[in-house]
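*Asks:* I'll drop the sequence and a predicted model, then ask my questions.
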Amino acid sequence: MLRLFKKIIKTGIVTEKCKVPKDDELEELGIQIKNHIDKRFSGSIAIRQVDAGSCNGCELEIQALNNPYYDIERFGIHFVASPRHADVLLVTGPVSRHMQAALLRTYEATPNPKWVVAAGDCAACGGEFGVSYASCGAVSNVIPVDMVIAGCPPTPLALMKGLLGLINP
C-alpha cells in the first residue's frame with residue numbers, strides 16, 4: 001500500500017486543466033430565463049421529465065442540461081423526482097400504450113397550474129410510430145400540451161429556448 005502512495009506522490013497530477021468554453025448565446029439565454037423565473041416564479045421552476053416510450057435520444061439531451069457546460073440549475077430550473085413538486089411536465093417520445101395510464105396519473109398528480117411540454121418530434125406527432133396497436137402517438141392524444149419543442153432530438157439550446165418561450169409572458 002505504501003508503495004502505491006509513493007508512486008502517486010511521485011507521479012503527481014497528470015491531467016490537463018479544463019478550459020471552460022464561453023458560449024455567449026447560452027449565457028444570454030440563461031440570463032433571460034433567470035430574469036423571467038425570478039419575476040414570475042420566486043426564483044425557481046421545477047420540471048418533472050417523463051419518458052413515455054422514446055428511444056432515449058431526447059433524454060440524453062435533457063440530461064445534458066444538467067452537465068457543467070449548460071448547468072441549467074444556475075438559472076433557476078430544477079429537475080424533480082416527483083410530479084407533486086413539479087410546475088412543468090417535460091414528456092418525450094410517442095406515448096406507448098403501456099405508458100398511457102402512467103402518464104395520465106403523473107399529469108393528475110401534478111398540481112395546478114401546470115404546463116406540459118412535448119419535447120422531440122416523436123412527442124409532437126408520434127414520429128415514425130404514429131398511432132398503432134402499441135402506440136397512442138403524440139402526447140397531445142393523451143394529455144393537453146402547452147408547448148412543443150421540435151427536433152430529433154432537440155439540442156440543449158433548443159430545449160432552453162423552448163422553456164424560455166413557455167415562461168415568457
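*Replies:* Now that the structure is in, tell me what you want to look at.
*Asks:* Which residues does the top helix by length along the chain contact?
*Replies:* For the chain, the helix that runs over the most residues, judged by DSSP state H, is helix 24-41. For helix 24-41, contacts defined as C-beta atoms under 8 Å, 6 or more residues apart in numbering pick out 43-45, 70, 72, 74-77, 87, 157, 160-161, 163-164, 167-169. All C-beta spots, glycine's among them, are computed from the backbone N, C-alpha and C.
*Asks:* One more: stretch 150-165?
*Replies:* For stretch 150-165, contacts defined as C-beta under 8 Å, 6+ apart pick out 25-26, 29-30, 32-33, 36, 57-58, 60-62, 64-65, 70, 72, 77, 88, 117, 119-122, 124, 127, 147-149.
*Asks:* Restrict the contacts of helix 24-41 to the buried ones and give me that as a PyMOL selection.
*Replies:* Buried subset of the contacts of helix 24-41, written as a PyMOL selection, criterion 16 or more other C-beta atoms under 10 Å:
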select buried, resi 45+70+72+75+76+77+87+160+161+163+164+167
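*Asks:* residues in contact with the residue nearest the centre of the chain?
*Replies:* Centroid-nearest residue in the chain: residue 62, 3.7 Å away (criterion: C-alpha atoms, centre = their mean). Going by C-beta under 8 Å, 6+ apart, residue 62 touches 49, 90, 92, 119, 156, 159.
*Asks:* those helices in this protein, which residues are they?
*Replies:* Using DSSP H, the helices of the chain run over 2-11, 24-41, 57-64, 97-109, 121-125, 156-167.
*Asks:* Nearest to residue 136, out of these?
*Replies:* helix 97-109 (5.5 Å; C-beta to C-beta).
*Asks:* hmm, who's touching that closest one?
*Replies:* With C-beta under 8 Å, 6+ apart as the test, helix 97-109 has contacts from 48, 50-53, 82-84, 89, 91, 95, 114, 116, 133-136, 139, 142-143.
*Asks:* Dump the longest helix of the chain to PDB, keeping only the CA atoms.
*Replies:* Taking Å, rounded to 0.1, in the frame of the first residue of the first chain, the C-alpha atoms of helix 24-41 are listed here in PDB:
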ATOM      1  CA  ASP A  24     -22.400  33.900 -25.500                       C
ATOM      2  CA  GLU A  25     -25.800  32.700 -26.800                       C
ATOM      3  CA  LEU A  26     -26.000  30.200 -23.800                       C
ATOM      4  CA  GLU A  27     -25.200  32.900 -21.300                       C
ATOM      5  CA  GLU A  28     -27.700  35.400 -22.800                       C
ATOM      6  CA  LEU A  29     -30.400  32.800 -23.000                       C
ATOM      7  CA  GLY A  30     -29.800  31.800 -19.400                       C
ATOM      8  CA  ILE A  31     -29.900  35.300 -18.100                       C
ATOM      9  CA  GLN A  32     -33.300  35.900 -19.900                       C
ATOM     10  CA  ILE A  33     -34.600  32.700 -18.400                       C
ATOM     11  CA  LYS A  34     -33.400  33.600 -14.900                       C
ATOM     12  CA  ASN A  35     -35.000  37.100 -15.100                       C
ATOM     13  CA  HIS A  36     -38.400  35.700 -16.100                       C
ATOM     14  CA  ILE A  37     -38.200  33.000 -13.400                       C
ATOM     15  CA  ASP A  38     -37.200  35.500 -10.800                       C
ATOM     16  CA  LYS A  39     -40.200  37.700 -11.700                       C
ATOM     17  CA  ARG A  40     -42.900  35.100 -12.100                       C
ATOM     18  CA  PHE A  41     -41.800  32.100 -10.000                       C
END
